[in-house]
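S.K.: Prediction below, plus the sequence it came from.
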Amino acid sequence: QVQFVESGGGLVQPGGSLTLSCTASGSLFRFKAVGWYRQVPGKQHELVAALSNYGRTEHYSDPAKGRFTISRDNAKNTAHLQMNNLKPEDTAVYYCNIGLWEEVLGGSGLHPWGQGTQVTVSS
């Protein structure tokens, strides 16, 4: 199984920015799409952004469009999520995962989740 380590979260004021990072173990990363998800208590993981295996196709949820940018470095098994103009409703634990494009978009058939990184947007 692939293991994920997410980092970069923290407390930020509304309008601020954060860049999240995710490192995946093993050798599957470069062959799979990657997605960033977020979860608030009592709810399921919500897809925020996805990027195809060679970075040619992107997908953003409506709340993320125009504010978040997903990127990846296949040589380092890492993915990043640049988040700008953060809003209180972005507060959540953020996770990454990999899979086929349809799996990443649908949030099914994914690997076990990592520990995530907490993002708190508050003044």
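M.R.: Perfect, I can see it now.

S.K.: Run through the residues that contact the residue lying closest to residue 70 once chain neighbours are set aside.
M.R.: The spatially closest residue to residue 70, leaving aside those adjacent along the chain, is residue 49, at 4.0 Å (C-beta to C-beta, 6 or more residues apart in numbering). C-beta coordinates here come from the backbone N, C-alpha and C atoms, glycine included. Taking C-beta atoms under 8 Å, 6 or more residues apart in numbering as the criterion, residue 49 is in contact with 35-36, 58-61, 64, 68-70, 81.

S.K.: Buried subset of those as a PyMOL selection?
M.R.: Remark: buried members of the contacts of residue 49, expressed as a PyMOL selection using 16 or more other C-beta atoms under 10 Å:
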select buried, resi 35+36+59+60+64+68+69+70+81
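
S.K.: Relative to residue 65, how far out is the spatially most central residue of the chain?
M.R.: Nearest to the centroid of the C-alpha atoms of the chain, with distances taken as C-alpha atoms, centre = their mean, sits residue 36, at 1.9 Å. Plainly put, residue 36 is 13 Å away from residue 65 if you go by C-beta to C-beta, to the nearest Å.

S.K.: where exactly do the helices run in this protein?
M.R.: In the chain, the helices defined using DSSP state H lie at 101-106.
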